[in-house]
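Peer 1: pasting the structure only:
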Ligand SMILES: N[C@@H](CCC(=O)N[C@@H](CS)C(=O)NCC(=O)O)C(=O)O
C-alpha cells in the first residue's frame, strides 16, 4: 500500500516531509488535513497521533508523527544510500543536530513570532523578536563554522528542508534577515538550486501571506492552548 502523508498545506513540518518525499521520488498519497476545521483535533485523528499535531505518516498501518522522525524513517527505510541522510556517523550526527536545533530553537522561536500571531491572539513582542534574533545568530554561526553550502553538508540534507521552511515563515511576514549573510545565501541558493522543491514552500508562503492579511477567526476550534483571535477584533 502506498504511504499516506497527513499534512497541512501551510505547515513547515508538513512541507519538509513533502519535499523529502518529492526529492527521493517516493510515491505517496497526500491527505490534506484542514487545520481551520479542526480535523487534527478529533478522536479519530488522536488514534494516529495522540499529540494531535500534523503531519502524520501512515506506512501500511505504521503510524509515525514528529516530522524529524518521519524524515529519518523514510530515508532509512526506502533510500538508505541517499545523500539526504548520510550513514557516516559524524555526517549523520550533524544532520541530527540541525534537526534538533530546528525543533528546539529555530522553528520554536521563529514560528512563535511569525505564525502564532497570525492564527491566534498573540502579539509580536520585543522578547519574541529577541528570541528570533538569537535563533538567527546561532544558525548563522553554525553555517560559518561548518563552512558548507548547505546546513549540514555541501549538499542538501533532510535538515535543510526543516530549516528552509522555518525561514520561509520569516519571508512570509516580510522579516528582513539579510544582515545574516550566510543564512541569506543558503536560503537563496536553495531557491535557485531546487526550484521544484522551493515551489512547495512558495505556495505555502502565499497561503500564510493571505492569512496574515485576513487573520482567521478560529474561535470554533476551542483550542486547548491557543487563545482565539476574533476576525473583526
Ligand atoms: N513537532 C511536530 C510539530 C508539528 C506542528 O507544529 N504542527 C502544527 C501545524 S504546523 C500542529 O499540528 N499544531 C497543532 C495545533 O496547533 O493544534 C513535528 O515536527 O511534526
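Peer 2: In hand now; what should we look at? Given the structure is predicted, the values throughout are model-derived calculations rather than measurements.
Peer 1: mind telling me which residue of this protein is nearest the ligand?
Peer 2: residue 11 (2.8 Å; C-beta to the nearest ligand atom). Every residue, glycine included, has its C-beta placed from N, CA and C.
Peer 1: list the contacts for that residue?
Peer 2: Residue 11 sits next to 35, 54, 55, 204 when contact means C-beta atoms under 8 Å, 6 or more residues apart in numbering.
Peer 1: from residue 145, how far out is it?
Peer 2: When distance is defined by C-beta to C-beta, to the nearest Å, residue 11 is 30 Å away from residue 145.
Peer 1: and residue 194, by the same measure?
Peer 2: 24 Å.
Peer 1: the two: which is more packed in?
Peer 2: Legend: neighbour count by other C-beta atoms under 10 Å for residue 194 and residue 145, higher for residue 194 (19 against 8).
Peer 1: okay, buried residues for the longest helix belonging to the chain please.
Peer 2: When the chain is scanned for its longest helix (criterion: DSSP state H), the result is helix 126-146. Residues of helix 126-146 classed as buried by neighbour count (16 or more other C-beta atoms under 10 Å): 128, 131, 132, 135, 136, 139, 140, 142, 143, 146.
Peer 1: for that helix, name the packing helices and strands.
Peer 2: helix 89-101, helix 107-114, helix 181-193 (3 or more C-beta pairs under 8 Å, 6 or more residues apart in numbering; DSSP states H and E).
Peer 1: go with 6 Å
Peer 2: On a contact count with 3 or more C-beta pairs under 6 Å, 6 or more residues apart in numbering; DSSP states H and E, helix 126-146 meets helix 107-114, helix 181-193.
Peer 1: redo the ones you listed as TSV? Include distance to the ligand, mean neighbour count and mean pLDDT.
Peer 2: Shown next, in TSV, are the helices and strands packed on helix 126-146 (distance: least, C-beta to the nearest ligand atom, whole Å; neighbours: other C-beta atoms under 10 Å; pLDDT from 0 to 100):
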stretch	distance to the ligand	mean neighbour count	mean pLDDT
helix 107-114	7	21	98
helix 181-193	19	16	98
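Peer 1: in CSV, list the ones you listed along with distance to residue 216.
Peer 2: Output for those, formatted as CSV (distance: least, C-beta to C-beta, whole Å):
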stretch, distance to residue 216
helix 107-114, 15
helix 181-193, 27
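Peer 1: and of the ones you listed, who's closest to residue 90?
Peer 2: Closest approach to residue 90 among the helices and strands packed on helix 126-146 (C-beta to C-beta): helix 181-193, 20.5 Å.
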